[in-house]
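>>> Let's see this in three dimensions:
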Amino acid sequence: MTITQAKTITDQDLFGPYLFARGADAETAKLAALVVADEDVEIPELRAHGSDVIAPVKLANLFGRTYWRFDFDLPANTTSSYSFGTETYDVCTDLSKDLRIGFVSCNGQEDGDLDRPLEDRNALWTDLGREHAKQPFSLLLHGGDQIYADGVWECHPDIIKWDKAGRRERMATAFSDVMRDAVLKFYLDHYLAIYGQPQIGHMLARVPSLMMWDDHDIFDGWGSHKKWFQGTAVAKGMFDCAREAFCLMQLCCAPGDLPDMVLDRDGKSLAWRTDFPGVSIIAPDLRSERTPNAVMGEHGWRDLPQCLESVPDGNRILLMSSVPVIGPRLSLVEMMMHLLPKAQKYEDDLRDQWQSRWHRREWCRFLELIEAIANEHDHEITLLSGEIHVATRGTFETRGKTIHQLVASGISHTAPPKAFARGLGLLAWIGDNPLPDRPTKLKPLPERKGTYCAARNYLTLLRSDTNWHAKWHLEDIGWTPDLRV
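So this is what the prediction gives:
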């Protein structure tokens with residue numbers, strides 16, 4: 001199939017469908033499809049597997065566009081389909097036997113993201129589409145930074161002025177309705193500009209997605225900035241706008257009507273769990289309650305242990321942590337930063353990580369929880385992460401099992417210099433074992449030498465019978481050998 005060039009955000013009046021997973025059993029896959037249309041546009045009919053027309057639910061009406069959701073089921077087989085208007089989309093909904101899952105993260109970059117030629121920006125999305133045509137994916141997991149929304153700081157003169165003001169003025173400034181409209185419109189337009197790119201939209205229409213946000217879906221470093229900054233009315237207002245856009249565009253729901261998969265029904269944390277035959281996918285929310293001294297927060301820690309303990313017996317757990325659970329020893333870098341004042345502007349980047357000295361107790365608590373679920377409840381657990389713009393893997397040796405961590409980042413973010421990867425590798429070589437006698441260790445990808453690979457990449461997971469394997473596709477390098485996990 002030829003993927004044609006999409007119209008720009010300014011002249012496109014219909015976006016979607018974008019498909020989202022809602023769980024499955026051996027007979028049925030539950031799905032939701034998001035369609036966004038100009039108010040005066042009559043949306044086409046959606047039919048599920050040749051059945052009657054599915055009635056849409058209106059999620060929101062914002063800035064001249066209406067956000068619609070279609071809820072429907074498809075039978076669990078490899079030849080299911082749905083139609084939207086004149087086009088039919090095949091969907092692989094058989095998740096009970098052999099299974100193929102894709103994992104992507106960091107779909108953008110901080111500067112000039114939308115200025116790049118789409119053929120270059122989305123080269124790995126194009127490759128992912130070719131892979132889907134060869135052997136279909138049943139699920140596509142998005143591990144964070146689905147958009148890079150840092151341009152929000154330039155969306156309105158009042159936001160620009162606030163960003164340049166001193167601390168006292170920023171703390172005294174209210175988040176006006178004008179600011180709110182400009183910020184929310186920016187987020188929504190940016191999602192549509194990304195999802196509307198043909199290489200991305202091609203996959204989003206055909207493979208059910210599951211998504212969890214990270215900081216760039218809000219703005220760089222959200223949650224790791226100074227407390228006074230995050231406590232300002234403007235920063236909190238911007239977060240609320242990002243959350244509303246996240247609900248619409250990543251959870252496919254109205255902000256006040258969360259899907260059943262979300263653990264906290266009050267929505268203070270947007271962590272979720274979705275069950276499929278033989279596998280449960282769980283994504284803690286590491287941003288909604290984040291502060292400089294906490295990663296998950298009260299509601300996240302209340303819900304995650306209960307969620308993990310209630311996973312169906314025998315299910316493998318794919319645990320998506322947007323920032324890697326296993327990482328290099330960052331305390332040395334943080335100590336050096338206090339000696340180099342000009343380097344302190346990068347402090348929020350380090351505080352983003354579980355391995356920051358500010359989060360060490362919480363990191364240990366997280367590792368102990370994973371260990372307990374793996375051993376006491378006898379679940380195989382695989383950790384999936386992105387965020388760091390390189391590919392790597394790691395292991396956590398618990399008292400009974402080896403837990404694998406797989407890091408794929410980013411699918412469109414420009415690869416960092418090789419010197420950056422070597423520097424991280426040096427920190428990884430020094431090591432950091434927070435739990436006595438249960439070492440965490442970073443390792444090279446299969447048949448690679450360095451601990452970190454500085455190339456754009458994505459990850460695939462394959463279940464064959466009861467065996468699971470992972471492999472990375474590395475830009476300009478190719479596929480790694482299979483890794484048994």
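>>> So Ser81 is in contact with Thr88, correct?
Yes. Under the criterion of C-beta atoms under 8 Å, Ser81 makes contact with Thr88 at 5.3 Å. Backbone N, C-alpha and C define where each C-beta goes, glycine included.
>>> These two: which has the busier surroundings?
A direct count of neighbours by other C-beta atoms under 10 Å for Ser81 and Thr88 places Ser81 higher, at 15 against 12.
>>> where's that one relative to Val53, distance?
15 Å (C-beta to C-beta, to the nearest Å).
>>> likewise Tyr89?
16 Å.
>>> ok, those two, which is more surrounded?
Here Tyr89 and Val53 are compared on neighbour count by other C-beta under 10 Å; more neighbours surround Tyr89, at 16 against 12.
>>> Check for me that the more buried one belongs to a strand.
Yes. Applying DSSP: H, G, I helix; E, B strand; the rest coil, one finds Tyr89 inside a strand.
>>> confidence score at it?
According to the prediction, Tyr89 has pLDDT 97.
>>> so who does it touch?
17, 19, 81-83, 205-206 (C-beta atoms under 8 Å, 6 or more residues apart in numbering).
>>> Quick check: beta-bridge partners of it?
When bridges are called by DSSP bridges, Tyr89 pairs up with Tyr82.
>>> report the longest helix in this structure, please.
Counting by DSSP state H, the longest helix found in the chain is helix 177-195.
>>> who does that one touch, helix- and strand-wise?
strand 14-24, strand 57-62, helix 157-164, helix 198-204, helix 233-249 (3 or more C-beta pairs under 8 Å, 6 or more residues apart in numbering; DSSP states H and E).
>>> now do 6 Å
helix 233-249 (3 or more C-beta pairs under 6 Å, 6 or more residues apart in numbering; DSSP states H and E).
>>> quick one: low-confidence ranges for the chain?
Counting by pLDDT under 70, the chain has low-confidence residues at 1-11, 329-349, 431.
>>> Let's see that with 50 instead.
Within the chain, the stretches with pLDDT under 50 are 1-7, 339-340, 342-346.
>>> can you give me the helices in it?
Going by DSSP H, the chain shows helices at 118-121, 123-134, 157-164, 167-172, 177-195, 198-204, 227-230, 233-249, 297-309, 331-337, 347-351, 360-376, 418-430.
>>> For the contacts of Tyr89, which single residue is the most surrounded?
Pro17 (28 neighbours).
>>> which one is that residue nearest to, not counting chain neighbours?
Setting aside the residues directly before and after it, Pro17 is nearest to Ala33 in space (C-beta to C-beta, 6 or more residues apart in numbering), at 4.1 Å.
>>> Leu270 - how many residues pack around it?
25.
>>> Hmm, Asp285 and it touching each other?
Yes. The criterion here is C-beta atoms under 6 Å, and Leu270 meets it with Asp285 at 4.5 Å.
>>> how about the nearest residue to Gly129, chain neighbours excluded?
Nearest non-adjacent residue to Gly129, counting by C-beta to C-beta, 6+ apart: His202, 5.3 Å away.
>>> And Pro259, by the same measure?
Nearest non-adjacent residue to Pro259, counting by C-beta to C-beta, 6+ apart: Cys253, 5.3 Å away.
>>> residues near the one you found, how many?
Neighbourhood size, Cys253 [other C-beta under 10 Å]: 22.
>>> My understanding was that it contacts Ala245; is that so?
No. The criterion here is C-beta under 6 Å, and Cys253 misses it with Ala245 at 11.8 Å.
>>> Please tell me how far the nearest residue to Trp301 once chain neighbours are set aside sits from Trp354.
The shortest distance from Trp301 to any non-neighbouring residue, by C-beta to C-beta, 6+ apart, is to Arg365 (8.0 Å). Separation of Arg365 from Trp354 (C-beta to C-beta): 10 Å.
>>> Could you check which of those two is surrounded by more residues?
More crowded of Arg365 and Trp354, by other C-beta under 10 Å: Trp354, with 22 against 16.
>>> For the more buried one, what are phi and psi?
phi -60, psi -30 (degrees, to the nearest 10).
>>> Check the gap between the nearest residue to it once chain neighbours are set aside and Phe396 for me.
Spatial nearest neighbour of Trp354, chain neighbours left out: Trp363 (4.4 Å); criterion: C-beta to C-beta, 6+ apart. To Phe396, Trp363 is 11 Å away according to C-beta to C-beta.
>>> Show me how far stretch 185-204 is from its chain's centre.
15 Å (C-alpha atoms, centre = their mean, to the nearest Å).
>>> Output that stretch as CSV, restricted to C-alpha atoms.
In CSV, the C-alpha atoms belonging to stretch 185-204 read as follows (Å, rounded to 0.1, in the frame of the first residue of the first chain):
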residue,chain,number,x,y,z
LYS,A,185,-5.2,24.7,21.3
PHE,A,186,-1.5,24.3,20.9
TYR,A,187,-1.5,20.8,22.5
LEU,A,188,-4.4,19.6,20.4
ASP,A,189,-3.1,21.0,17.2
HIS,A,190,0.3,19.5,17.9
TYR,A,191,-1.2,16.0,18.4
LEU,A,192,-3.1,16.3,15.2
ALA,A,193,0.0,17.5,13.3
ILE,A,194,1.9,14.4,14.5
TYR,A,195,-0.9,11.8,14.2
GLY,A,196,-1.9,13.3,10.8
GLN,A,197,1.5,12.5,9.3
PRO,A,198,0.9,9.6,6.8
GLN,A,199,3.6,7.3,8.1
ILE,A,200,2.3,7.5,11.7
GLY,A,201,-1.4,7.7,10.8
HIS,A,202,-1.0,4.5,8.7
MET,A,203,0.0,2.5,11.8
LEU,A,204,-2.4,4.2,14.2
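>>> what's in contact with that stretch?
Under the contact criterion C-beta atoms under 6 Å, 6 or more residues apart in numbering, stretch 185-204 has outside partners 3, 6, 9, 12, 15, 18, 63, 118, 122, 125-126, 129, 147, 149, 152, 155, 241-242, 245, 249.
>>> one more time with 7 Å
Applying C-beta atoms under 7 Å, 6 or more residues apart in numbering, the contact partners of stretch 185-204 are 3-6, 9, 12, 15, 18-19, 36, 62-63, 107-108, 114, 118, 122, 125-126, 128-129, 132, 140, 147, 149, 152, 155, 241-242, 245, 249.
>>> Stretch 215-230 too?
By C-beta under 7 Å, 6+ apart, stretch 215-230 touches 108, 110, 145-150, 152-153, 167, 171, 235, 238-239, 242, 246, 287, 290-292, 348-349, 351-352.
>>> okay, how far is it across stretch 375-394, tip to tip?
19 Å (C-alpha to C-alpha, to the nearest Å).
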